[in-house]
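> Just the structure for this:
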Amino acid sequence: MPESFFETITDVPGVLVGQIEDEAALTGVSVVWVKGGAVAGVSVRGHAPATREIEALSPDNLVDKVHAVVLSGGSAFGLDAASGVMQFLEESGEGFDTGLVNVPIVPAAALFDLAIGRADLRPDRGMGYAAMQRAGVLKKDDLGNRGAGTGATVGKLFGMARAMKSGIGSYARRYSGGLVIGALIAVNAVGVVYDETTREVLAGVRSSDGQRTVPLDELYALQMEGREDLFPGTATTIGVVATNARLSKIEAARVADMAHGGLIRSIYPVHTQYDGDTLFALSTGDASASADWVGTLAQDVVAETIRCAVRMAKGAGGLPAFADLKGVV
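Residues are numbered from 1 along each chain as shown. Have a look, this model is predicted:
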């Protein structure tokens, strides 16, 4: 059992988060920055990803560290935000030393939020740079409709008219021996988010009158009655798992892969053809813990982070959030 509880990913030593949002367009950018770089891995389980610099994280390839990870809205357009992050890092003297210039390594993943807010305004280079200028300690007020979660929605199995507003969540835990694991996740799933203990749907498909969430056990029956077709790639849950455990690139990739278990325990259905679910894993320190244990514990952290994202969200774009349907003040 964890010895104590932390609140966000920035409780992992060395991790900073910068965010910016366009509240009119309902889109935004979140950047996880580790000064000096971090060993990293990635796992893509969804079948419609929008990503950048993924191959650099392969254990077979040269680069041994990344300098920041970008999560953005705007679908593939939003990947442009990584260019602004690279500019900021280069100006700060960070990057892979080529002997001529330092080249910052900045992997990125984007979610599809073009169906809410304005589809013609997306995160760009300037927003990425501005997010880095704001980098610091993440607090509760920085969750929900912030950064990459600004236009996030869930429960799109039967179209946007019955969906709900989601957002970005973060959570962290400290374990015996000083191990810390944290996550930052923007939850934009086609499926619903549920409590694995009670099986209660926290945010997802709404009933025809829009006043309640449809229970898990009723979703398939509704599916058989017919649904509004969705276009592949209109969803996606993206995030970063960070730990102060000492991991190799191979081990970081394994942790990222195992961490998807947290999506399976909190989103239903998940990893569909409509989702581009992508998780990065970062190693920032020298704590002693096996990759298998870090990956196992990361599943708990990821599941709680996802539930945090919908609980912290606020209604926007004509869609209600958890607080609206559950009567939470």
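> Count the neighbours of Asp324 for me.
By the criterion of other C-beta atoms under 10 Å, Asp324 has 17 neighbours. For every residue, glycine as well, the C-beta is placed using N, CA and C.
> Actually, Ala119.
15.
> what does Asp257 give?
So Asp257, with other C-beta under 10 Å, has 17 neighbours.
> nearest spatial neighbour of it, skipping sequence neighbours?
Once flanking residues are discounted, Asp257 sits nearest to Ser43: 4.1 Å by C-beta to C-beta, 6 or more residues apart in numbering.
> Helix, strand or coil: sort out the one you found for me.
Three-state call for Ser43 (DSSP: H, G, I helix; E, B strand; the rest coil): strand.
> again, but for Met258
Once three-state DSSP is applied, Met258 turns out helix.
> Tell me who's in contact with it.
Contact partners of Met258, counting by C-beta atoms under 8 Å, 6 or more residues apart in numbering, are 292, 295-296, 298-299.
> Show me which of those is closest to Arg162.
Gln299 (29.0 Å; C-beta to C-beta).
> thinking again about what came up before, can you check the contacts of Met258 and name whichever has the most neighbours?
Of the contacts of Met258, with other C-beta under 10 Å as the count, Ala298 tops at 29 neighbours.
> okay, Ala235: pLDDT?
Ala235 is assigned 88 on the pLDDT scale.
> residues contacting it?
46, 48, 111-112, 156, 188-190, 272, 274-276.
> Closest to Ala242 out of the residues you listed?
Leu111 (19.2 Å).
> Would you check that that closest one makes contact with Ser72?
Yes - contact criterion C-beta atoms under 8 Å: Leu111 and Ser72 qualify, at 7.5 Å.
> that older thread, could you dump the contacts of Met258 into CSV with distance to Ile9 and secondary structure added?
As requested, these are exported to CSV (distance: C-beta to C-beta, whole Å; DSSP: H, G, I helix; E, B strand; the rest coil):
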residue, distance to Ile9, secondary structure
Asp292, 21, helix
Gly295, 16, helix
Thr296, 18, helix
Ala298, 12, helix
Gln299, 16, helix
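> Before I go, just wanted to say thanks for your time.
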